[in-house]
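Asks: task: produce atomic coordinates for the following.
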Amino acid sequence: MADTPSPVRCSWVQGNPVLAHYHDHEWGVPEFDSQALWEKLILDGFQAGLSWLTVLKKRDAFREAFEGFDPERVARFTEQDVERLLLNAGIIRSRAKIESAIGNARAFLRMQDQGEDFATFCWSMVDYRPMQNLPPVPSQTPLSASFSKALKTRGFKFVGPTIVYAWMQATGMVNDHAPNCHRRQVVAEMGEFVTPRS
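Replies: All right, here's what the predicted structure looks like:
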């Protein structure tokens with residue numbers, strides 16, 4: 001019996017099984033849960049200057065170290081927690097990134113306290129409709145720059161336009177799967193059912 005050919009994927013997967021699994025099951029899938037969106041934004045901040053594969057390999061350790069990425073718990077972290085995390089070899093040990101994650105938890109909660117749902121805010125930036133992009137894939141866009149500014153206004157850090165665009169790709173706010181990628185149409189169809197929250 002002939003071998004089943006591998007599906008065509010985006011070039012960044014490069015045959016890596018960890019990246020392939022992430023690509024086939026998560027990347028570009030519209031995410032509507034506020035805490036999940038926040039977690040992915042934090043992880044994209046930690047990725048800055050590094051490869052996404054590094055973050056994926058450390059994701060379970062990150063989740064353990066950051067209390068399941070529960071913003072309420074992370075917001076209560078103290079300087080002692082920062083020092084503890086700096087000794088954790090399972091995560092990316094950057095004081096600036098760790099401190100920004102804690103500050104971003106507090107920013108998330110401030111939005112919540114002011115009646116601004118994080119997921120609704122995020123999806124309103126793309127008018128509740130994932131953008132279907134075609135190559136060439138940019139590293140940032142005017143929209144990601146505006147999104148970055150809006151996040152910074154709310155107190156977020158490590159949310160520059162490039163980080164924000166990568167996060168938008170990851171969470172399905174923009175579909176940047178290659179035209180011949182087996183996931184492109186699947187993800188595009190998922191985006192047809194996005195509606196504003198009441």
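Asks: tell me where this protein has helices.
Replies: Here the chain has its helices, by DSSP state H, at 17-25, 34-47, 52-65, 71-75, 79-86, 95-113, 118-124, 142-153, 161-170, 184-190.
Asks: and the residue nearest the centre of this structure?
Replies: residue 40 (3.2 Å; Cα atoms, centre = their mean).
Asks: quick one, what contacts residue 118?
Replies: Residues near residue 118 by Cβ atoms under 8 Å, 6 or more residues apart in numbering: 34, 37, 38, 108, 111, 112. (Glycine included, C-beta is placed from N, CA and C.)
Asks: wait, which of those residues is closest to residue 125?
Replies: Lowest distance from residue 125 to the contacts of residue 118 (Cβ to Cβ) belongs to residue 37, with 11.4 Å.
Asks: I'd say that closest one and residue 173 touch.
Replies: No: Residue 37 is not in contact with residue 173 according to Cβ atoms under 8 Å; the separation is 9.3 Å.
Asks: and for these two, which residues touch both?
Replies: Joint contacts of residue 37 and residue 173 (Cβ under 8 Å, 6+ apart) are residue 122.
Asks: the more surrounded of those two?
Replies: residue 173 (27 against 22; other Cβ atoms under 10 Å).
Asks: next up, phi/psi of the more buried one, please.
Replies: Per-residue torsions, residue 173: phi -70, psi -20 (degrees, to the nearest 10).
Asks: tell me the pLDDT of the residue nearest to the centre of the chain.
Replies: For residue 40, the pLDDT comes out at 98.
Asks: pLDDT below threshold where in this protein?
Replies: 1-4, 193-198 (pLDDT under 70).
Asks: could you report the neighbour count for residue 73?
Replies: 13.
Asks: so what's it closest to, chain neighbours aside?
Replies: Nearest non-adjacent residue to residue 73, counting by Cβ to Cβ, 6 or more residues apart in numbering: residue 67, 3.9 Å away.
Asks: now do stretch 157-173: distance from first to last residue.
Replies: 20 Å (Cα to Cα, to the nearest Å).
Asks: now it, how far from the chain's geometric center?
Replies: 6 Å (Cα atoms, centre = their mean, to the nearest Å).
Asks: same thing with stretch 24-35?
Replies: On Cα atoms, centre = their mean, the centre of stretch 24-35 falls 8 Å from the chain's centre.
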